[in-house]
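Novice: Would you be able to build a 3D model of this:
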Amino acid sequence: MKGPKTLINAEDNWQTDMGALFNGERVVYRGKDLFDELSDTSWFKLIMYGITGREFSDAQIQLFEAIQVITVSYPEPRLWNNRVASLAGSARSTGILATSAAIACSEAKIFGNQANIVALDFIRRAKLAIKDDDDIADFVINDLKDKRAIGGYGRPLIDNDERIAPLLERAKNLELATGPHVQLAFRIDEFLSKSRYKLILNASGLSAALMADQDFNYREYYYATMLAFSAGIIPCHIDAINHKEGTFFPLTCHRLNYTGKDLRHW
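Specialist: So this is what the prediction gives:
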């Protein structure tokens, strides 16, 4: 059904499986009573239930949290998205505006959420295409030629990723490190690191493989990681607020490559 009939059918009629507020009575959250059935659920576990509609074990939830803590929760103001929050704090903007703007910047193609989706796409396609080690070279090289990059592999400036070891160790402790996507990710890492491309598995690639083994699709993975950077963003805003106004990485005028008129009168 399209056109005006669609709008007429939707007037005062929103059908949803997500939930509803019955004011003064109860709240339904994906078919469950929020107060009676979900009141003792952790905030993160509730978010994952809201995203997927599935209930996860404590070990799975701890793995999902570890991925976000270990890979992106850095209060480092020089990082592109954290810098936005710091600049906002230095300009005395509010925490909500600063965090919202910084999270919006986190949807980046190279470093942010788009990179995560590309990594998940690659490892899931690889799992379907690669039956044994003899298939790895053809699949990976063809994908590299086609897309000019391999999602989840490579890292600028340095040839290692310090996040791999602690994340893998955490996954092993939770007995969630031996799934088929993770095993394949390391087999591809071995091939690429020894090839002329010298690409290594990075934290985004390992995270994607871990989430693929927990049966996450692209949309679920996107929403699950959407707020991940906030644990580093908020401290950066607080830090800037605690400094003098306007003092976050200022530049003197002589450092600017200005080619306009030297002096203008208003």
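
Novice: For residue 202, list the residues it contacts.
Specialist: By CB atoms under 8 Å, 6 or more residues apart in numbering, residue 202 lies in contact with 152-155, 161, 163-164. Heads up, the C-betas are built off the backbone N, CA and C, glycines and all.

Novice: Show me those residues that map onto helices.
Specialist: If you go by DSSP state H, the contacts of residue 202 have residue 164 in helices.

Novice: How about the contacts made by residue 105?
Specialist: So residue 105 contacts 80-81, 84, 112 (CB under 8 Å, 6+ apart).

Novice: Buried ones from those, can you make that a PyMOL selection?
Specialist: Buried residues within those, by 16 or more other CB atoms under 10 Å, are selected in PyMOL with:
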select buried, resi 81+84+112
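
Novice: ok, which pair from the contacts of residue 105 is furthest apart?
Specialist: 84 and 112 (12.0 Å; CB to CB).

Novice: All the helices of the protein, in order from the start?
Specialist: Going by DSSP H, the chain shows helices at 4-10, 43-52, 58-72, 80-90, 95-105, 113-129, 136-147, 164-173, 180-194, 203-213, 218-224, 230-241.

Novice: Pick out the shakiest of these, pLDDT-wise.
Specialist: Of all these, the minimum mean pLDDT falls on helix 4-10 (a mean of 88).

Novice: Now for the most centrally placed residue in the chain: which residues touch it?
Specialist: Most central in the chain under CA atoms, centre = their mean is residue 225, positioned 3.6 Å from the mean C-alpha point. Counting by CB under 8 Å, 6+ apart, residue 225 touches 67-68, 113, 116.

Novice: before we move on, back to that, let me have the contacts of residue 105 in TSV, extended by distance to residue 62.
Specialist: Output for the contacts of residue 105, formatted as TSV (distance: CB to CB, whole Å):
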residue	distance to residue 62
80	29
81	25
84	30
112	24
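
Novice: what's the closest of the contacts of residue 105 to residue 140?
Specialist: If you rank the contacts of residue 105 by distance to residue 140 using CB to CB, residue 112 comes first, at 23.7 Å.

Novice: Against residue 10, how distant is that closest one?
Specialist: 34 Å (CB to CB, to the nearest Å).

Novice: Same question for residue 81.
Specialist: Counting by CB to CB, the gap from residue 81 to residue 10 is 36 Å.

Novice: Kindly check the end-to-end length of stretch 127-146 for me.
Specialist: Counting by CA to CA, to the nearest Å, the length from the leading to the trailing residue of stretch 127-146 is 18 Å.

Novice: Map the structural domains onto the sequence of this structure.
Specialist: 19-55, 73-106+228-243, 113-223 (automatic domain parsing).

Novice: Out of those domains, which one sits most buried?
Specialist: domain 73-106+228-243 (a mean of 19; mean count of other CB atoms under 10 Å).
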